[in-house]
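Undergrad: Compute the structure for the input listed below.
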Amino acid sequence: MAVLKVTAAPGTRCPLEGRPREYINDSAAVEVPETAYYRRLIADGSLVKATPGNKKEVKTDGK
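TA: Residues are numbered from 1 along each chain as shown. Purely as a prediction, here's the structure:
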């Protein structure tokens, strides 16, 4: 499955898919699977695709 690197929009946070008590924030880029859930959050502006080198990277296990 393809992977996306994303951050939350500035000043916001978004729950991880399947883990509603864990969040993506605007301070670190997170690798997430390219699912409809994350594509929808990118489309509505809640998540932003991370550009290389501008944010610290954090990996999730994709569950």
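
Undergrad: remind me which residues of this protein are low pLDDT?
TA: Applying pLDDT under 70 to the chain flags the ranges 53-63.

Undergrad: any chance you could map the helices in it?
TA: Counting by DSSP state H, the chain has helices at residues 36-43.

Undergrad: Can you list the residue ranges for strands in it?
TA: 3-8, 14-16, 19-24, 28-33, 47-49, 56-59 (DSSP state E).

Undergrad: For R40, find the nearest of those strands.
TA: Closest to R40 of the strands of the chain is strand 47-49 (CB to CB; 9.1 Å). Yep, even glycine has a C-beta here, placed from its N, CA and C like the rest.

Undergrad: strands paired with that closest one, and their directions?
TA: Strand pairing for strand 47-49, using DSSP bridges, gives strand 3-8 (antiparallel).

Undergrad: For the strand it pairs with, list the C-alpha coordinates in CSV.
TA: The C-alpha trace of strand 3-8 is given here as CSV (Å, rounded to 0.1, in the frame of the first residue of the first chain):
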residue,chain,number,x,y,z
VAL,A,3,2.3,5.7,2.0
LEU,A,4,1.7,9.5,2.5
LYS,A,5,3.7,11.9,4.7
VAL,A,6,1.3,14.4,6.3
THR,A,7,1.0,16.9,9.0
ALA,A,8,-2.1,18.5,10.5
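
Undergrad: contacts for it?
TA: 14, 23-34, 38, 41-42, 46-50, 55, 57, 62 (CB atoms under 8 Å, 6 or more residues apart in numbering).

Undergrad: switch to 7 Å and redo it
TA: With contacts defined as CB atoms under 7 Å, 6 or more residues apart in numbering, strand 3-8 is touched by 14, 24-26, 28-34, 38, 42, 46-50, 55, 57.
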